[in-house]
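Q: predicted model, plus sequence, below.
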Amino acid sequence: MQLAFDALVNVLPVLAKANAKKRIENTEHRQRQLSSQLAEKQAINVKLITAKLNGQLNQEDFDTMKAALAKDILDITEQQRAMTASAETFLHLTADTTRQTIPARALWVAAPLSEKQTVQSVLFPDGICYRKDIGFFAPVTNELEAVVFKSLLELSEHGEA
């Protein structure tokens with residue numbers, strides 16, 4: 001017996017929630033690191049401006065250091081935004097919602113690659129690798145994950161049935 005894809009849709013939130021605690025802890029830890037890095041860069045920026053105002057730094061050095069700091073601050077804020085978006089997507093996927101009949105097959109086939117990758121990272125946090133024993137790509141952590149992965153892959157290959 002093989003489960004229908006639409007029946008597997010009910011399993012997706014269960015798989016996502018099974019990994020929720022670890023992912024939330026990792027996200028919170030990384031957000032704390034980024035906040036700390038941002039605070040450090042902003043403190044250095046204040047010191048840099050103060051040094052320039054006190055005549056301790058020439059214009060060329062100031063411009064060079066200011067540009068590097070601005071780039072670092074921008075990179076950190078972009079990482080924070082990406083982490084926030086990822087966390088929101090994860091919470092959305094794991095939230096308890098009223099079950100409705102949805103055309104799961106059509107949604108998966110029509111989803112852009114970025115959304116499929118997000119779903120993959122939530123459902124298969126340890127990744128997907130080639131398994132010589134079965135001659136196919138599959139998650140190695142859980143049989144249920146393997147069934148879901150195989151169904152998603154078949155949909156991608158065959159389009160909407």
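A: Arrived safely.
Q: only C-alpha atoms from now on, for both contacts and neighbour counts.
A: Fine.
Q: and the average pLDDT for the lengthiest helix in the chain is what?
A: Counting residues, the longest helix in the chain under DSSP state H turns out to be helix 59-94. Average pLDDT, helix 59-94: 87.
Q: let me see the ranges of the helices in this protein.
A: 5-8, 12-18, 20-53, 59-94, 104-110, 113-123, 143-158.
Q: let me know whether residue 72 touches residue 40 as I believe.
A: No - counting by CA atoms under 8 Å, residue 72 sits too far from residue 40 to count as a contact (10.6 Å).
Q: give me the more crowded residue out of these two.
A: Neighbours of residue 72 and residue 40, each counted by other CA atoms under 10 Å, are more numerous for residue 72; the result is 16 against 13.
Q: what about the closest residue to the more buried one other than its chain neighbours, how many neighbours?
A: Nearest-residue entry for residue 72: residue 41, 7.5 Å, with adjacent residues in sequence omitted and distances by CA to CA, 6 or more residues apart in numbering. Residues near residue 41, counting by other CA under 10 Å, number 17.
Q: pretty sure residue 41 is touching residue 74, no?
A: No - using CA under 8 Å, residue 41 is not in contact with residue 74; the gap is 10.4 Å.
Q: about what we covered before: distance check, the residue nearest to residue 72 against residue 35.
A: 10 Å (CA to CA, to the nearest Å).
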